[in-house]
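Participant: Have a look; sequence and predicted model below, questions after that.
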Amino acid sequence: MRAPLVNFRRLQIATPWPLVWTVTVLLLLVRLLVLMARLTVVAVQHWRAWPAVALFLVAVDVHRSSGWWPHLLVLGVLAAGAGLWWWRGRESFHRLVALRLLSSWRRFWVYRRQWHEAMTLCGLAKKYDGGEKLPQLLSVRCSYATDEVVLRMPRGQSPEVYHKVARDLAYSFGTRHCRVFSGRRQAPPARTGRLAWLLRRVDAIRFRDRPRHVWLVFIRRDPLTRIVKPLPVPARPDFTALPLGLREDLAVYCLRLLATHVLIGGATRMGKGSVIWSLLRALAAGIRSGLVRVWAIDPKGGMELAIGGPLFSRYVDDDWSRMADMLDDAVTRMRARQRVLRGKVRVHTPTVDEPLIVIVIDELATLLAFLPDSEIRNRITQSLGVLLSQGAGLGVLVVAATQDPRKEVVTVRDYFPTRIALGLTERGHVDLLLGDGARDRGALADHIPLSAKGVAYVLLDGQPEPARVRFSYIDDDLIREMAATFAAPPEVQPEPEPAPAPLKPARTNGNGRHTYRPTPPRQAAPLLPPSLLNALDLDATPNGGDPQ
């Protein structure tokens, strides 16, 4: 008699061995399949390492068969080829060889080796189910001055956590600055050619939105400590990308001026002039051709802008009333352009006949808060409000600089879409200028030293985190040379259109018949008393007949 499957008396199970072996083999097969799947995923993720693995296996096989001399020969040939490549094409060698080797070395030795310790001490490790969840290091990409580290956040974290510990991360990995970005910093490339449709689909997958990815940019060496030399003048200005300076990653910072207004904020002697003159240098070719008309207002008596007077189509620095008249003329020009473009386009395209008008104001607070004449101050405030609220799409743009970005001083601050924060004196001024939370996202404009004139934080298109840039320095001699070389052509003032006289309603006598009554001349006081005027009233005839 066979034993029962379950012995309830002794609480023991009689083991059917065929079933046990079958389940064990199935479990081993499942574990083997899972392991193979993981190895496949790792191999696909690290496909760039396949050539290195294959090369290592070949080297081992050659060493077993022929010894060391083939390796030495290959190394010598590679060193000679690399030296020739570096000599003839240094830029491509650095991009394709040197920076990639540096990225691999720093990924292994600087970041991977101390990743667990740094993440734990910076408070980025999460406790879950008796274990630890760390941010996953995905890639490291080195440039001449920066390390771009891409990581995947564990669940339960947001990029704001990394903004708060950015300085801790910087010092943990041996640098002084760490910039945190919650979005991809490179835009998808523009594809052309026969296979463009396929490459665009591949880019749509590669550059898709990844909310759990965070980009950490560590500054190995600060390239913004040196003065940026003036950039070349573009042959034709691109109003969507005007080169003004350098970014932290040594890329050229380009300002989008089309259909926007620019507010520049910074303390005294922190480089507001560098921003203005760098912008004028980028527009210089358009100024000479008449594609751009610059109207300048310098309330400081011409101490900043008068040196480049020939660049300006209109310029005022000593008369408050003329400054108000200039802004009123800009509103009139904008209204005229508005009537022409209404219903045709939404953004004005600059031409020589209808140029881009850029109004440069060196110290905006003087016009809005400190002007002694209240009537002129109100005129300027109203004109600026109209220009800032309606002039961007019509090609009438305002570029203004101020030392105090407070709302009670610069009342029209919120109407500037593009803002640049140079060195500021107070911590709260950063958020006032760049928006709430800008300082927590890395815009430490109040920490910019006096020696770093022209260094600023700006907001790039599509990125909530501010970028750190340094504008080029243009000295007085170069400004005079620019003014002589790219002088603006004389501006022809358009004749004002005569406004039609308003039609006064015809006066009737009650029976629908019109009665002619000449308009009396304007006089300080009537020549006759009111009683005689009523007696001589021609309309006081009975039944509306002719006067007797």
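Facilitator: All right, it came through fine.

Participant: can you give me the helices in the stretch 351-500 of the chain?
Facilitator: Secondary structure of the stretch 351-500 of the chain (DSSP state H, counting those that start in this stretch): helices located at 364-368, 374-390, 428-434, 476-485.

Participant: Quick check: the gap between the residue nearest the centre of the chain and Gly435.
Facilitator: Of all residues in the chain, the one closest to the mean position by C-alpha atoms, centre = their mean is Leu460, 1.6 Å from it. Distance of Leu460 to Gly435, computed by C-beta to C-beta, to the nearest Å: 13 Å. Glycine gets a C-beta too; all of them are placed from N, C-alpha and C.

Participant: Over to Ala421?
Facilitator: Distance from Ala421 to Gly435, by C-beta to C-beta: 10 Å.

Participant: ditto for Ala80
Facilitator: Ala80 sits 55 Å away from Gly435 when distances are taken as C-beta to C-beta.

Participant: Those two - which one has more neighbours?
Facilitator: Gly435 (16 against 10; other C-beta atoms under 10 Å).

Participant: contacting residues for the more buried one?
Facilitator: Arg419, Leu459 (C-beta atoms under 8 Å, 6 or more residues apart in numbering).

Participant: what do you get for Gln390?
Facilitator: Met334, Gln338.

Participant: swap in the one 3 residues further on?
Facilitator: Gly393 makes contact with Ala259, Arg346, Val347, His348, according to C-beta under 8 Å, 6+ apart.

Participant: Please name the nearest non-neighbouring residue to it.
Facilitator: Counting by C-beta to C-beta, 6 or more residues apart in numbering, Val347 is the residue found nearest to Gly393 once chain neighbours are left out, at 5.1 Å.

Participant: Provide the secondary structure category for the one you found.
Facilitator: coil (DSSP: H, G, I helix; E, B strand; the rest coil).

Participant: what's the distance between it and Arg337?
Facilitator: 12 Å.

Participant: So which bits of the helix or strand hosting Arg201 are buried?
Facilitator: Using DSSP states H and E, the element containing Arg201 is helix 196-206. Using 16 or more other C-beta atoms under 10 Å as the test for burial, helix 196-206 gives Asp203.

Participant: from the middle of its chain, how far away would that helix be?
Facilitator: Offset of helix 196-206 from its chain centre (C-alpha atoms, centre = their mean, to the nearest Å): 26 Å.

Participant: That helix: what's the following helix or strand?
Facilitator: Counting by DSSP H and E, what follows helix 196-206 is strand 213-219.

Participant: Now do the following helix or strand past that following strand: everything it contacts.
Facilitator: Per DSSP H and E, the first helix or strand lying C-terminal to strand 213-219 is strand 242-247. With C-beta under 8 Å, 6+ apart as the test, strand 242-247 has contacts from 223-224, 228, 231-232, 234, 252-257, 275, 278-279, 282-283, 454, 467-472.

Participant: Restricted to strands, list these.
Facilitator: Counting by DSSP state E, the part of the contacts of strand 242-247 found in strands is Val252, Tyr253, Cys254, Leu255, Ala467, Arg468, Val469, Arg470, Phe471.

Participant: How far off centre is the longest helix seen in the chain?
Facilitator: The helix that spans the most residues within the chain, counting by DSSP state H, is helix 17-45. Here helix 17-45 is found 51 Å from its chain centre; the criterion is C-alpha atoms, centre = their mean.

Participant: that older thread, min pLDDT across the ones in strands among the contacts of strand 242-247, which one?
Facilitator: pLDDT across the ones in strands among the contacts of strand 242-247 is at its lowest for Ala467, which sits at 86.

Participant: rewinding a little: scan the contacts of Gly393 and report the most crowded one.
Facilitator: His348 (23 neighbours).

Participant: That one against Glu354, yeah?
Facilitator: Yes: His348 is in contact with Glu354 according to C-beta atoms under 8 Å; the separation is 7.0 Å.

Participant: can you list residues touching both of these two?
Facilitator: Arg337, Gly395.

Participant: average model confidence for the longest helix of the chain?
Facilitator: Mean predicted confidence for helix 17-45 is 87.

Participant: Beyond that helix, next helix or strand please.
Facilitator: helix 50-66.

Participant: ok, the closest residue in space to Leu258 that isn't next to it in sequence - how many residues close by?
Facilitator: Leaving aside its chain neighbours, Leu258 sits nearest to Phe239 (4.0 Å; criterion: C-beta to C-beta, 6+ apart). A total of 23 residues lie near Phe239 under the criterion other C-beta under 10 Å.

Participant: Low-confidence stretches in the stretch 351-500 of the chain?
Facilitator: 461-462, 492-500 (pLDDT under 70).

Participant: and if we set it to 90?
Facilitator: Along the stretch 351-500 of the chain, the model assigns pLDDT under 90 to residues 363, 366, 369-374, 404-414, 425-428, 431-444, 447, 449-452, 459-467, 490-500.

Participant: now swap in the stretch 151-300 of the chain and tell me
Facilitator: Scanning the stretch 151-300 of the chain for pLDDT under 90 picks out 176-177, 179, 181-210, 219-225, 248-251, 268-269, 300.

Participant: that older thread, quick one, what contacts the residue nearest to Leu258?
Facilitator: Arg256, Leu257, Leu258, Pro350, Leu356.

Participant: my guess is the third one contacts Val347, does it?
Facilitator: The reference is to Leu258. Yes: the pair Leu258 / Val347 is scored as a contact, 7.2 Å apart, by C-beta under 8 Å.

Participant: So which residues make contact with stretch 366-382?
Facilitator: Contacts of stretch 366-382 (C-beta under 8 Å, 6+ apart): 297, 299-300, 320-321, 323-324, 327-328, 361, 384, 408-412.

Participant: One more pass at 10 Å, please.
Facilitator: 297-300, 319-328, 331, 361, 363-365, 383-384, 400, 402-404, 406, 408-413 (C-beta atoms under 10 Å, 6 or more residues apart in numbering).

Participant: List only buried entries from those residues.
Facilitator: 297-299, 320, 323-324, 326-327, 331, 361, 363-365, 383-384, 400, 402-404, 406, 409-413.

Participant: Surely Gly301 is within a strand?
Facilitator: No: going by three-state DSSP, the assignment for Gly301 is coil, not a strand.

Participant: How about it: what's its closest non-neighbour residue?
Facilitator: Nearest non-adjacent residue to Gly301, counting by C-beta to C-beta, 6+ apart: Asp317, 5.7 Å away.

Participant: For Gly309, see how far away that neighbour is.
Facilitator: Taking C-beta to C-beta, one finds Asp317 at 9 Å from Gly309.

Participant: so what sits against both of Ala421 and Gly435?
Facilitator: With C-beta under 10 Å, 6+ apart, Ala421 and Gly435 have common neighbours Ala443, Leu459, Pro466.

Participant: Now render those as a markdown table, adding neighbour count and distance to His46.
Facilitator: Shown next, in a markdown table, are the shared contacts of Ala421 and Gly435 (neighbours: other C-beta atoms under 10 Å; distance: C-beta to C-beta, whole Å):
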| residue | neighbour count | distance to His46 |
| --- | --- | --- |
| Ala443 | 25 | 37 |
| Leu459 | 20 | 36 |
| Pro466 | 25 | 34 |
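
Participant: Please consider this matter closed, and thank you.
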